[in-house]
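J.: sequence? don't have it. structure:
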C-alpha cells in the first residue's frame, strides 16, 4: 500500500486551528502544519517488501500520485526496489562483488587490472542505479577504440557480473544491459602446412630440434607448450626418410 500525504497541512486539525489562508479554497479548508512551506509538499509513504517504512517527497501532487501508483504495483508484484539502494556507488558494489568472487591468482590480477584501468574510470563514482543501456553502448565504443576485442573480454565479463549481482540483490530493478554484446573476436584461419613442407622443415632442422618440429606439426602445440614437454625416457634420434 502506498499513500499520499500533504506535509504542509494537518490531516486531523485541532478544534482551535486557524485555516491556511494560502491554500484554503471555497470548497476545502486546510490547516497549516508545523512544516508548512518547508521542503516539498507532497509525501508518498509505504512499507517495502521487508516491512521497512519509506517516505518520498514531491513538489507536485501529480508526481506523488504517479509514484504511489507505481510503488503499489511493484509491491503487489514483488518487484519493488528501494531507490536508496540504487544510490550506492558502483565501486562500492564492485568491491563487495570482488570480495565474494573466487578467482585463480592470475585471474584475480586480470580482474583488478580491468577494474582499475577500464571500469572504475567510467563507472566507479556513478550511482549504480543510474547506469543505463546507453551507458553500456558508449562504454563498449570507447573501449573498442583503445583495446582489442580479445582484451576487452575480461572488463566486459567483470562489469556485467557486477550489474547482474546488483539486480539479483535487489539493488537495481533490472539488469540494464540485456541484449548488449561486446565486439566479436575474430581469429585468423589456420592453414596447416603442406606435408612436403613439413618434411622439408624437419630435414633442414638440426638433429637436436627435429623431434620438436615434428611434434609441433603433428600436435599443433604452441611454442611454450612444446618447450614445457618432459620425457623421462632416454632421448631418441628422429630419423627422417629421404
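T.: Received the coordinates, thanks. Computed from a predicted model, the values in this text were never measured in an experiment.

J.: Spit out the contact partners of the residue nearest to the spatial centre of the chain.
T.: Nearest to the mean C-alpha position of the chain, counting by CA atoms, centre = their mean, stands residue 163 at 2.6 Å. For residue 163, the contact set (CB atoms under 8 Å, 6 or more residues apart in numbering) comprises 128, 131, 172, 175-177. C-betas here are computed from N, CA, C, even on glycine.

J.: What of residue 64?
T.: Going by CB under 8 Å, 6+ apart, residue 64 touches 4, 42-44, 56, 58.

J.: Confirm that it sits in a strand.
T.: No: assigned with DSSP: H, G, I helix; E, B strand; the rest coil, residue 64 falls outside any strand and is helix.

J.: the helices in this protein, which residues?
T.: With helices called from DSSP state H, the chain shows them at 61-77, 90-100, 105-114, 120-123, 133-144, 149-168, 195-204, 210-219, 223-227.

J.: Include mean pLDDT and distance to residue 13 when you put those into TSV, please.
T.: Below are the helices of the chain laid out as TSV (pLDDT from 0 to 100; distance: least, CB to CB, whole Å):
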stretch	mean pLDDT	distance to residue 13
helix 61-77	92	19
helix 90-100	94	45
helix 105-114	88	60
helix 120-123	97	49
helix 133-144	95	48
helix 149-168	93	45
helix 195-204	89	98
helix 210-219	86	89
helix 223-227	84	83
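
J.: As JSON lines, those helices with distance to residue 33 would be great.
T.: Conversion of the helices of the chain to JSON lines gives the following (distance: least, CB to CB, whole Å):
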{"stretch": "helix 61-77", "distance to residue 33": "16"}
{"stretch": "helix 90-100", "distance to residue 33": "37"}
{"stretch": "helix 105-114", "distance to residue 33": "53"}
{"stretch": "helix 120-123", "distance to residue 33": "42"}
{"stretch": "helix 133-144", "distance to residue 33": "41"}
{"stretch": "helix 149-168", "distance to residue 33": "38"}
{"stretch": "helix 195-204", "distance to residue 33": "91"}
{"stretch": "helix 210-219", "distance to residue 33": "83"}
{"stretch": "helix 223-227", "distance to residue 33": "76"}
